[in-house]
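[1] Sharing a sequence plus its predicted fold:
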Amino acid sequence: MRTVGSIAQTVISDAKTNLSAYSDSRYDRVHNRMGEKGFWDGFWEEAGSDYAALHLGVAVQSLEGTIINGEFDFAHHIATFNEAVVGLWHLQRRKIPESKIIPVTNKKLREMRAAVKEDPTFASFFGTKRNLLPRQLRAFLHMTYVMTEIEKIIPAYQEYAGGVISGYNQTEKDVLEHGAVLSYYDDLIAKLDDPQS
């Protein structure tokens with residue numbers, strides 16, 4: 001079964017590739033230094049959506065863990081974010097807090113699970129159901145200035161993730177093909193995990 005976490009990992013990977021390309025385009029190889037414009041000049045206009053996609057992917061993975069485990073692990077979220085930005089030298093890695101596992105109330109957990117049944121892409125957590133985001137996650141996304149950018153990319157993410165999860169016939173061919181690849185890997189991993197195989 002394809003999970004939204006595996007889709008989020010692809011979103012992170014694609015965003016990281018695009019951010020690397022953006023960084024490379026700014027580097028002056030002749031003088032072996034960042035060029036005249038620098039990394040941050042025009043960053044939000046040219047690479048803001050990729051930076052937001054990276055954050056979105058990490059957040060979706062954390063949300064999936066929260067819904068499964070009934071608690072939000074902020075330290076794990078930051079560790080996952082730090083892993084995602086490895087090699088992107090201008091993007092700041094964050095200090096991992098000491099054990100910061102925050103239990104989610106039963107009421108909020110029920111509401112989160114109901115939201116996922118309505119929208120298995122988790123996109124609603126960044127729109128109409130934003131109040132269901134764990135407080136620490138919401139604060140982190142605001143602190144890193146990506147919430148506005150995430151709002152801009154949510155429609156494209158939702159269309160992509162929805163197509164992969166449900167395999168709609170009207171979905172673009174490359175999205176359907178990606179869904180088939182994820183399904184193959186999910187089956188392969190399940191067989192590797194099954195001692196009977």
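    All right, it came through fine.
[2] who touches the residue nearest the centre of the chain in this structure?
    Centroid-nearest residue in the chain: G57, 0.4 Å away (criterion: C-alpha atoms, centre = their mean). Listed by C-beta atoms under 8 Å, 6 or more residues apart in numbering, the contact set of G57 reads 8-12, 15, 84. For the C-beta atoms, the positions are set from N, CA and C on the backbone; glycine is no exception.
[3] What distance do you get for it to F72?
    From G57 over to F72 the distance is 17 Å, taken as C-beta to C-beta, to the nearest Å.
[4] Tally up the residues packed near D50, please.
    22 (other C-beta atoms under 10 Å).
[5] for it, helix, strand, or coil?
    helix (DSSP: H, G, I helix; E, B strand; the rest coil).
[6] picking up where we left off before, what helix or strand is the residue nearest to the centre of the chain located in?
    Using DSSP states H and E, G57 sits in helix 43-69.
[7] Show the subsequent helix or strand relative to that helix.
    Note on helix 43-69: by DSSP H and E, the next helix or strand toward the C-terminus is strand 71-73.
[8] That following strand: which residues count as buried?
    Neighbour-count burial for strand 71-73, counted by 16 or more other C-beta atoms under 10 Å, picks out 72-73.
[9] go on, stretch 140-150?
    For stretch 140-150, a neighbour-count test (16+ other C-beta under 10 Å) marks 140-141, 144, 146-147, 149-150 as buried.
[10] Including distance to A115, could those residues go into TSV?
    As requested, the buried residues of stretch 140-150 are exported to TSV (distance: C-beta to C-beta, whole Å):
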residue	distance to A115
F140	20
L141	17
T144	23
V146	21
M147	18
E149	22
I150	16
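[11] Of the residues you listed, just say which sits nearest to G127.
    Nearest to G127 among the buried residues of stretch 140-150: I150, at 9.2 Å, using C-beta to C-beta.
[12] what's near enough to touch the closest one?
    So I150 contacts 52, 55-56, 126, 141 (C-beta under 8 Å, 6+ apart).
[13] pretty sure T80 is touching S62, no?
    Yes - T80 lies in contact with S62 (C-beta atoms under 8 Å); the separation is 7.0 Å.
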